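**Q** here is the input, now give the coordinates:
(chains A and B)
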Amino acid sequence: MAVQSTTIDRKLAERPPASLWRDAFERLLRNRLAILGAVIVLLLILLAVFGPFITPYEYSQTDTQLVREARGPANPGEAGHLFGTDILGRDLLSRIMDGARISMTVALVVQVTVLLIGVPIGALAGWFGGRIDNLLMRFTDITYAFPDLLFIILLTVVFKDTWFGGAMDGLLLVFVAIGIVSWVGVARLVRGQMLSLKETEYVEAARAIGVPDRKIVTRHLLPNAIGPIIVAVTLGIPGAILAEALLAFIGIGANPPRASWGTLITDGQTWMSSEPHLLLFPAIAIALALLSFTFLGDGLRDALDPKLKGKQ
Amino acid sequence: MTTYIIRRVAWLIPVVFVVSVITFLLMHAAPGTPFQPVSDRPLPPAVIERLEEQFGLNEPIYIQYVNWVGNILQGDLGPSYRIRGRGVSDIIADNMWASVQLGTMSFALAVILGIPLGVIAALRQNKWPDYLSTFISVIGIATPSFVLAVLLVLIFSVTLHWFPTSGWRGPEYWVLPVVALSGYGIAQVARYTRASMLEVTRRDYVRTAQSKGLKERSIVTVHMLRNAFIPVVTILGPLLAGLITGSFVVESVFAIPGIGRFFVDAIFQRDYGLIMAVTLLYAVLIAVMNLVVDVAYAWIDPRIRYS
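**A** Model (predicted):
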């Protein structure tokens, strides 16, 4: 008996203190696809931050040498352009790198908008319940009923000529508009979390010792709901990137010469049969981004779901 | 259940009302009017004034809204301000069919292909059917519908000449657009089905069934499928909404005479009546489809009781 208990003690001592986050992180590390996704996401973020310093050319700069020779766009690898140039002789690699900047900004701005609207609405509805819950959830239902893309197009047209419409080459407005129609999922999720968490014993204990409501919500409930929120936000990013690309396809988005991946793809398909690289490279770029966020989000969900604990 | 459905249908009325008010206000807040588009050659002011008077656009906005509601209730969607000589009702009636066909076929394909792909992948986890299914999912997630559309045209129309490049005149015209639009849906449905089948595999009742010596076939069909479908059904509502509103991109690549292109044009041309009609049509369509999904949810999972 004594021997057995010492081995258990030693095992316990060797095992680092298991917090939910450390466990989750270890589970995440075991998921190869999620790690691949995380690495690509990290690269894209670095590219977005430092892109302007490392692009081989300015994204808007025309290779005058090509123009002087009065020839078509350079093919990949030609004339010092790794990915070739577009019809106007602009370096495609540099344009795609700048596009990464736009796509990562979509991810950021849309999801920040989603959090800023969705979390308070969900938290208020879930915490107070009753009439406030009813009112906020009806509001959520109505937002859900709007045909998303149509509403985004309408919003961007209305505010196009304001200062807001001109910010970030016209992109900020598009991003915020996407966010305004995308928060419903997060609001419902937060509300559901609130409803189940507020019945827990530690919340009851906090209430019993007189912790004010606001503090219970911000200190106890939201931090405990943060796992599912992170997952929802990560998995929402591909949708936001896709929405931006769809809008670019119908001509709503970055003002030229700026171009998002969506714009590059749209331009590229015009020249598809003679210059396939113009479609191919941006399509690969967007595919990488969509997949890496999806894999990372899936991995996070599996890692953060305590139900799966010990089953892998 | 019947009361629940009636309540949900009644709930459509306030939803449509609020959606229509917000759309009406936004639309009128956009710079320019149907007869004064921001970027067109301007008409003489006197002409604009007469046109606006003729169509009641000089009235205060709430009067315009009340008039519009009055006309709608009488079944009159009003004239199109930009497409001469055609009523909004005609435009909708002529073009709705193609969009509805495209949307429903894509949704059906996503479900009919996605579910078996997910089920087979889960049953043969880490074997070739799983990898094939994952490969299809990866392509579906990674390729936006318009890229998929362009690639399909390039491969199957331009190179192989199997299908026509554009139009909407018969079954051979349907194949490529439906595949392009449903690619994302197939991937999502397959992914969710696979994950939820794997989850169900670990449940006690499945282990019990296995230890009783039931055949795999009956374990899968009797015990697993129905339970595995429950989480899948929850994504069908948003998926369908996405297919309906997203179809205009595919419509434009394949030159399909659907509603989608009218909406985009209508917004840019400030064709008020048409904007309202299309928005409301989509809103009602999405709401009704969501109701269908919710009812299906209760049907698949008898534990769910709507009150």
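**Q** contacts and neighbour counts: CA atoms only from here.
**A** Fine.
**Q** contacts only, for the residue of the stretch 151-300 of chain B found nearest chain A.
**A** Nearest residue of the stretch 151-300 of chain B to chain A (Cα to the nearest Cα) works out as B:Ala283 at 5.6 Å. Applying Cα atoms under 8 Å, 6 or more residues apart in numbering or on different chains, one finds that B:Ala283 lies in contact with A:145-147, B:16, B:19.
**Q** now do the contacts for the closest residue to chain A within the stretch 101-250 of chain B.
**A** Relative to chain A, the nearest point of the stretch 101-250 of chain B is B:Ala142 (4.2 Å; Cα to the nearest Cα). Applying Cα under 8 Å, 6+ apart to B:Ala142 gives the contacts A:286-288, A:290-291.
**Q** of those, list those near chain B.
**A** Residues of the contacts of B:Ala142 in contact with chain B (Cα under 8 Å from any Cα of the partner chain): A:286-288, A:290-291.
**Q** chain A contacts on chain B?
**A** So chain B meets chain A at B:15, B:18-19, B:23, B:26-27, B:29-31, B:138, B:141-144, B:146-147, B:150, B:241, B:245-246, B:249, B:263-264, B:267-268, B:279, B:282-284, B:286-287 (Cα under 8 Å from any Cα).
**Q** and these, which are buried?
**A** Neighbour-count burial (16 or more other Cα atoms under 10 Å in any protein chain shown) applied to the residues of chain B next to chain A gives B:15, B:18-19, B:23, B:26-27, B:30, B:138, B:141-144, B:146-147, B:150, B:241, B:245-246, B:249, B:263-264, B:267-268, B:279, B:282-284, B:286-287.
**Q** enumerate the residues of the stretch 1-150 of chain A near chain B.
**A** Neighbours of chain B within the stretch 1-150 of chain A, by Cα under 8 Å from any Cα: A:142, A:145-150.
**Q** let's go with 10 Å and repeat that
**A** A:138-139, A:141-150 (Cα under 10 Å from any Cα of the partner chain).
**Q** buried residues, the host helix or strand of B:Thr3. List them.
**A** Applying DSSP states H and E as the criterion places B:Thr3 in helix B:2-29. Residues B:12, B:15-16, B:18-20, B:23-24, B:26-27 are the ones in helix B:2-29 that count as buried (16+ other Cα under 10 Å).
**Q** from the stretch 201-312 of chain A, which residue is nearest to chain B?
**A** Counting by Cα to the nearest Cα, the stretch 201-312 of chain A gets nearest chain B through A:Ala287, at 4.2 Å.
**Q** now that residue: closest residue in space that isn't a chain neighbour?
**A** B:Ala142 (4.2 Å; Cα to Cα, 6 or more residues apart in numbering or on different chains).
**Q** contacts only, for the residue nearest to B:Leu26 when sequence neighbours are not counted.
**A** Once flanking residues are discounted, B:Leu26 sits nearest to A:Val158: 6.7 Å by Cα to Cα, 6+ apart. Shown in contact with A:Val158 (Cα atoms under 10 Å, 6 or more residues apart in numbering or on different chains): A:152, A:165, B:26-32, B:267.
**Q** mind checking pLDDT for the residue in the stretch 101-250 of chain A that chain B sits nearest to?
**A** Residue of the stretch 101-250 of chain A nearest chain B, by Cα to the nearest Cα: A:Val158 (4.0 Å). Looking at A:Val158, its pLDDT reads 86.
**Q** A:Gly236 contacts A:Val184, correct?
**A** No: taking Cα atoms under 10 Å as the definition, A:Gly236 is not a contact partner of A:Val184, at 11.3 Å.
**Q** list residues touching both of these two?
**A** With Cα under 10 Å, 6+ apart as the test, A:Gly236 and A:Val184 both reach A:Val114.
**Q** how about the helices in the stretch 201-312 of chain A?
**A** A:201-208, A:213-215, A:222-249, A:261-270, A:277-304 (DSSP state H, counting those that start in this stretch).
**Q** mind putting the ones you listed in a markdown table, mean pLDDT included?
**A** Converted to a markdown table, the helices of the stretch 201-312 of chain A look like this (pLDDT from 0 to 100):
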| stretch | mean pLDDT |
| --- | --- |
| helix A:201-208 | 89 |
| helix A:213-215 | 87 |
| helix A:222-249 | 88 |
| helix A:261-270 | 86 |
| helix A:277-304 | 89 |
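**Q** closest to A:Gly80 out of the ones you listed?
**A** Of all these, helix A:277-304 sits nearest to A:Gly80, with 15.4 Å by Cα to Cα.
**Q** got the buried residues for the closest one?
**A** So for helix A:277-304, counting by 16+ other Cα under 10 Å, buried means A:277-283, A:285-304.
**Q** quick one: it to helix A:222-249, angle?
**A** Between helix A:277-304 and helix A:222-249, the angle comes out at 170 degrees (axes from the mean of the first three to the mean of the last three Cα atoms, to 10 degrees).
**Q** and helix A:277-304, what does it pack against?
**A** In terms of contacts (3 or more Cα pairs under 10 Å, 6 or more residues apart in numbering or on different chains; DSSP states H and E), helix A:277-304 is packed against helix A:20-30, helix A:32-54, helix A:92-128, helix A:222-249, helix A:261-270, helix B:128-142, helix B:145-152.
**Q** of the ones you listed, which approaches B:Ser218 most closely?
**A** The closest of those to B:Ser218 is helix B:128-142. By Cα to Cα, the value is 20.3 Å.
**Q** quick one: the helices in the stretch 51-200 of chain B, in order.
**A** Going by DSSP H, counting those that start in this stretch, the stretch 51-200 of chain B shows helices at B:61-73, B:88-123, B:128-142, B:145-152, B:171-201.
**Q** other SSEs contacting the shortest one?
**A** Helix B:145-152 sits against helix A:222-249, helix A:261-270, helix A:277-304, helix B:128-142, helix B:171-201, helix B:225-253, with contacts defined as 3+ Cα pairs under 10 Å, 6+ apart.
**Q** any chance of these in a markdown table, plus distance to A:Thr200?
**A** Listed next are those as a markdown table, based on distance: least, Cα to Cα, whole Å:
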| stretch | distance to A:Thr200 |
| --- | --- |
| helix A:222-249 | 11 |
| helix A:261-270 | 46 |
| helix A:277-304 | 19 |
| helix B:128-142 | 38 |
| helix B:171-201 | 26 |
| helix B:225-253 | 25 |
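**Q** just to check, A:Glu78 is in contact with A:Thr85?
**A** Yes: here A:Glu78 reaches A:Thr85: they are 8.8 Å apart, a contact under Cα under 10 Å.
**Q** taking the centroid of chain A, which residue is nearest it?
**A** The centroid of chain A falls nearest to A:Ile237 when counting by Cα atoms, centre = their mean (2.9 Å).
**Q** show me the contacts for it.
**A** A:103-104, A:106-108, A:110-111, A:243, A:289-290, A:293-294, A:297.
**Q** and the gap between it and B:Trp168?
**A** 33 Å (Cα to Cα, to the nearest Å).
**Q** same question for B:Met289.
**A** Counting by Cα to Cα - B:Met289 and B:Trp168 are separated by 24 Å.
**Q** isn't B:Ile155 right up against B:Pro164?
**A** No: with contact defined as Cα under 10 Å, B:Ile155 does not reach B:Pro164; the gap is 11.4 Å.
**Q** these two - which one has more neighbours?
**A** B:Pro164 (17 against 13; other Cα atoms under 10 Å in any protein chain shown).
**Q** I figured that one hits B:Leu176, correct?
**A** Yes: between B:Pro164 and B:Leu176 there is a contact under Cα under 10 Å: 8.6 Å.
**Q** tell me, what's touching the two both at once?
**A** B:153, B:156-157, B:254.
**Q** so where's the stretch 51-200 of chain A uncertain?
**A** By pLDDT under 70, the weakly predicted segments of the stretch 51-200 of chain A are A:65-72, A:74, A:77, A:79.
**Q** if we can go back for a sec, B:Asn58: which of the helices and strands packed on helix A:277-304 is closest?
**A** Of all the helices and strands packed on helix A:277-304, helix A:222-249 comes closest under Cα to Cα, at 32.4 Å.
**Q** distance check, B:Gly258 against B:Met96.
**A** As judged by Cα to Cα, B:Gly258 and B:Met96 stand 6 Å apart.
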